[in-house]
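> return a 3D structure for these sequence lines:
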Amino acid sequence: MSDYKWDGRSRPSDDVYRERWDEIFGKKEDDELKESYKQSLKNKKERDDKEKTLHEELMEGFEKEQADLAKEEAEEGDQQ
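Next up, the predicted model:
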């Protein structure tokens, strides 16, 4: 490090700084990431519980169309 002139903005990378990296940055970031991941899983579960899948929506539409078709056929049979 003696041949590098410190610019006053970036941190000097000495042994103390390297040893304390986890204490300064690592632990906090890990905790925040774990908490964020847990919240993300919770939000996904809530969305999955509330929202219907595409298959469920299509099946409901299909069943409604089948019921309407059967009703129309029954009405046509009654008219003849």
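
> immediately after the host helix or strand of residue 18, which helix or strand?
In this structure, residue 18 sits in helix 15-19 according to DSSP states H and E. Next helix or strand after helix 15-19 toward the C-terminus (DSSP H and E): helix 21.

> hmm, back to that, the helix holding residue 18: how far from the chain's middle?
Remark: helix 15-19 is offset 36 Å from the chain centroid, using Cα atoms, centre = their mean, to the nearest Å.

> that one - what's its average pLDDT?
Averaging pLDDT along helix 15-19 gives 77.

> per-residue confidence for residue 11?
Predicted confidence (pLDDT) for residue 11: 66.

> what about the helices in the protein?
Per DSSP state H, the chain carries helices over the ranges 15-19, 21, 27-50, 54-79.

> and those as JSON lines, adding mean neighbour count and distance to residue 5?
Bear in mind the C-beta positions are built from the backbone N, C-alpha and C, glycine included. Below are the helices of the chain laid out as JSON lines (neighbours: other Cβ atoms under 10 Å; distance: least, Cβ to Cβ, whole Å):
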{"stretch": "helix 15-19", "mean neighbour count": "9", "distance to residue 5": "17"}
{"stretch": "helix 21", "mean neighbour count": "11", "distance to residue 5": "23"}
{"stretch": "helix 27-50", "mean neighbour count": "10", "distance to residue 5": "30"}
{"stretch": "helix 54-79", "mean neighbour count": "10", "distance to residue 5": "62"}
